[in-house]
Every structure is written in structure tokens, then in C-alpha cells.
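Asks: Please work out how this folds:
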Amino acid sequence: MQTKLTPVFLSMSRASFSLFKTFILWGFPVSLLAQNQLNGTIRDSETGRPVAFATVFFANTTLGTSSNQDGVFVINRIPSGKYDLTVTMVGYQTYQSSAEFRGRDVLEMDIRLTPEDKMLREVVVKPDTAGWKRNYADFVRHFLGTSKYAESCTIQNPKDILLFFDPSDGVLVAHAKKPIIVENQALGYRIEYYLKQFELNSTAGTFLIYGIPRFELLTPRNEREARKWERERQRVYTGSLLHFMRAWHGGQWVESGFNVARVYRIPNRERPPEDFLKRKVAQFRAKAIQNGSLTVQVNSIDEKQDSLSYYLRLQRLPAEVDSVAREQLSGKEYATATPGQMTFKGRLRIIFPEWEDLRYTASVGRPPEKRLRQTTLLHVFDALHIYDNGYYEMPQSVVLEGYWSWSEKISTTLPLGYFPAVKK
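Replies: Model (predicted):
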């Protein structure tokens, strides 16, 4: 079976935004209180024999187990929602399949693992050794992030990460044959991250990461640390992408504190038509050559409004600019009769009323006194289906710019089963 990838982050950043991933809920949805169960058997797809001691888990959750000697496993106490079931075993291809639970469901699965090609397993890939320290620092900065939470995260097995940097196009690529082990002492999680794709293009200003995370709860040393972890988890959740998706599912953006409006692309009124600009540039360039002087300073202080540098500056302006609609959306505008099905395609400007982290403000070149409320541009390329727990399809169609492109990282990722305590 072909492995289905679970993208955790898909982020695109432009020059005016920082490089990219990633809560007060109005209450537990009733359906999340009902518990579900999954029973399954894991077999070799070629021999039909049971596969013992395979790792079985729901991606981006703390729910998981191992198959016994007969290949049998059971996962219970599953909150309602949709999940990606993942099965890993040395010598087999990673298996992944979606499963939806709606309350007191008991599902049965017969899973067949496909053996890996022996020759492929023996291929040795040699990573770049020159500049490894610099490449690893870039990887960590974009994988964990640069927030205060990243400072409390440790990658336990850095040597299992293979890094390749192509200076000709400024692209850094990472691979890992083993799961990347991250210990997050700020939030109280141990994460096994099965990296499928990591590509940082510093020239284009884009960052793409695909992977399958598995969460385990760390044991707090005392009650004080347990309370601290819960406070920090709630801080991370508030205003996050997970918070936003759950609010969208419930049609409660406004009640959850999000100010959401559509963003349209309109012609830039400051930029004349392209044909006019080409004609003017050609005219003044010919005149400059005739006069024996073609030194041009675009955006020069001495720039004249009827000169080559003036029209070159106009030509560099974008043909279209963003226009934010005045209406404030609730999240219900694009829902269909099918629960969780959203018809929206396009871009949304999302403002959460909390102030930006000062580290983000610095990363985009603004002084502390110029920091803004947390603002994100969310691009949705295909209609989404959102589930109770915040899981959404298809994650590949969501791209982040702005604040979330900085804040949504592995160090601030919460499992789908996390819900903040309801305020009494």
C-alpha cells in the first residue's frame, strides 16, 4: 500500500514575512467526550504471517501501542474525530490510513505491511560533511523554531539527520532514516518525528516540511512542573492554527477571539499599465545611451518624475496588491450541509488580539514599539473538511504567511488530543 503522508506544516514565506510551521476553547464538543476503540491485526503482505512488535499509533497524538506476538493490537479511549493511523516496523514500508470515529465506535482493521526492497535498504547515502554545523543550525531553526519554547527542546539523535545543501540554488534538504527524537521540556512531551520531506529554499523564501509525529507524555518531577506544563500548553494553544481550525469547525471564530476577513488581489493603482511602462523605459534608455550616460540609480533621492530611474521604480512595483474586505467572518459562511465541509478557497487575513512575540517582531525588521497583534495570511487552495478534533483535509492545500509561519513549529506543536481545561 502506498504510504499516505501527514503534513504537519506546509508554509510559504515571502520577502516581507519571516520564514516559516503551527487557547481558550469555548468548551468540549459533546462528541469528543465519547470514547472509541480500534482493534487490529498486522500481517506481512507477502506471507500473511503476523508481524509482532510493530509500532502502531495515531499521528500527532499520544495514542499508540505495539502489536503482540500474534500481530494483534488494541487502541481504546479514542476521542471522536479523524486520525491517521500509522504502523512502522523495521524492514517494512510505513503504513498509514485514515480512520474516523464518531462516538462509541469499535473499528476492526486487517493491516498488511509491505516489505521494503532489500537493495533499497542497503543503499548508503552520504550527506554533506562540509558545513554540517551551519546546515544543522539552519535545520534546527526551522524545525524547532526560534520561540522561547524551542530553547527548551532538545533533539536527542542529531547524527541520524542527513543534510544536503546546494549553494547554486540555496536549497537545504534533510532526510532521516530513523525518527527524530525531540524532548520538549517546556510543554512536557517526547516526540518521535518520522521526517518525510524537509526543504528550505532561502533564495525563494519558502519552507516545506512533511512528517508523522508521535507524542508521549513526559512524567513531571512534581505537581509544580505539571501545572507549569499545563499553563504553557494553554498559552501555545491560544490563537494557534489548531485553535483556529476547531473554531472554524464550530463556526465560532468571533467567540474564540479571531478577527477573520477575506483578502482579494486587486490591480495596483500606483503602477501604470505594463505596455506604458515598457514604452517609457525604452524611450529614456535610448535617450540615456544617446547622451552617453546609462548610470541609473533606482529609488534615488534625486530621481525625477520623468526619468528612466522613475519608470524603472514603477516597473518594480507589484501588478496586484492585497485588499482586505471589511466584513468580519464568523466561520459559518462557507459551511455546507455536511458537517465540517467548507467550500472556501482563497486567502484569509486572521488577526488574534494578543501581541506578537518580540522575537517575531525582530525577525521581520520592526522595532519593539512597532509590534502588532498576531496577524497571519492563510492561503487555502482546495476546499477543506474539518473534524471535531481540528484535523483537516487536505493539509497540503494550506499555506501560511506571517505570524503562524514563524510560530507554528515542532516546539509549539500540540497533539490532536489536547484540549485546555474548561474555565469554571
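Asks: which strand residues sit across from P213 in the sheet?
Replies: Y193 (DSSP bridges).
Asks: show me what contacts it?
Replies: 8, 59-60, 191-194, 410, 413 (C-beta atoms under 8 Å, 6 or more residues apart in numbering). In this view, the C-beta of every residue, glycine as well, is placed from N, C-alpha and C.
Asks: Could you point out which of the residues you listed is nearest to D44?
Replies: Set against D44, the nearest of these by C-beta to C-beta is Y194 (20.7 Å).
Asks: how long is stretch 384-399 from one end to the other?
Replies: 13 Å (C-alpha to C-alpha, to the nearest Å).
Asks: where's it relative to the chain centroid, distance-wise?
Replies: In terms of C-alpha atoms, centre = their mean, to the nearest Å, the centre of stretch 384-399 is set 11 Å apart from its chain centre.
Asks: where are the low-confidence patches of the stretch 1-150 of the chain?
Replies: For the stretch 1-150 of the chain, the stretches with pLDDT under 70 are 1-34, 118-129.
Asks: Break this protein into its domains for me.
Replies: Annotated domains of the chain cover 30-121, 269-317 [automatic domain parsing].
Asks: Pick the most deeply packed of the ones you listed.
Replies: Burial of the domains of the chain is given as mean neighbour count (mean count of other C-beta atoms under 10 Å); domain 30-121 ranks first at a mean of 17.
Asks: Could I get the full set of strands for the stretch 151-300 of the chain?
Replies: 153-155, 161-166, 171-176, 180-184, 189-201, 206-217, 259-267 (DSSP state E, counting those that start in this stretch).
Asks: Can you name every helix or strand that the third one contacts?
Replies: It stands for strand 171-176. Applying 3 or more C-beta pairs under 8 Å, 6 or more residues apart in numbering; DSSP states H and E, one finds that strand 171-176 makes contact with helix 132-143, strand 161-166, strand 189-201.
Asks: Okay, buried residues for it please.
Replies: Judged by neighbour count using 16 or more other C-beta atoms under 10 Å, the buried positions of strand 171-176 are 171-174, 176.
Asks: With pLDDT and distance to T47 as added columns, please give the residues you listed in JSON lines.
Replies: Below are the buried residues of strand 171-176 laid out as JSON lines (pLDDT from 0 to 100; distance: C-beta to C-beta, whole Å):
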{"residue": "V171", "pLDDT": "93", "distance to T47": "41"}
{"residue": "L172", "pLDDT": "94", "distance to T47": "41"}
{"residue": "V173", "pLDDT": "94", "distance to T47": "36"}
{"residue": "A174", "pLDDT": "94", "distance to T47": "34"}
{"residue": "A176", "pLDDT": "91", "distance to T47": "29"}
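Asks: just the residues you listed now: which is nearest S405?
Replies: Using C-beta to C-beta, L172 is the member of the buried residues of strand 171-176 that lies nearest S405, at 16.9 Å.
Asks: who does that closest one bridge with?
Replies: Per DSSP bridges, the residues bridged to L172 are F165, L200.
Asks: Between its first and last residues, how far does stretch 407-421 reach?
Replies: In stretch 407-421, first residue to last residue: 22 Å (C-alpha to C-alpha).
Asks: Same question for that stretch: list its buried residues.
Replies: Within stretch 407-421, the residues that count as buried by 16+ other C-beta under 10 Å are 407-420.
Asks: Check the model's average confidence along it for me.
Replies: Mean pLDDT, stretch 407-421: 94.
Asks: returning to what we had before: let me have the strands of the stretch 151-300 of the chain in JSON lines, extended by distance to G250.
Replies: Converted to JSON lines, these look like this (distance: least, C-beta to C-beta, whole Å):
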{"stretch": "strand 153-155", "distance to G250": "31"}
{"stretch": "strand 161-166", "distance to G250": "39"}
{"stretch": "strand 171-176", "distance to G250": "37"}
{"stretch": "strand 180-184", "distance to G250": "28"}
{"stretch": "strand 189-201", "distance to G250": "26"}
{"stretch": "strand 206-217", "distance to G250": "24"}
{"stretch": "strand 259-267", "distance to G250": "14"}
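Asks: Quick check: S405 vs V398, distance?
Replies: 11 Å (C-beta to C-beta, to the nearest Å).
Asks: ditto for Q185
Replies: 29 Å.
Asks: that older thread, wait, which of the domains of the chain is closest to W253?
Replies: domain 30-121 (19.2 Å).
Asks: Would you pull up how far that closest one lies from the middle of the chain?
Replies: Computed by C-alpha atoms, centre = their mean, the separation of domain 30-121 from the middle of its chain amounts to 24 Å.
Asks: so how many other residues sit close to H249?
Replies: 24 (other C-beta atoms under 10 Å).
Asks: What strand or helix carries the residue lying closest to L277 once chain neighbours are set aside?
Replies: Nearest residue to L277, sequence neighbours excluded (C-beta to C-beta, 6 or more residues apart in numbering): Q315, at 4.8 Å. Here Q315, judged by DSSP states H and E, is contained in helix 308-316.
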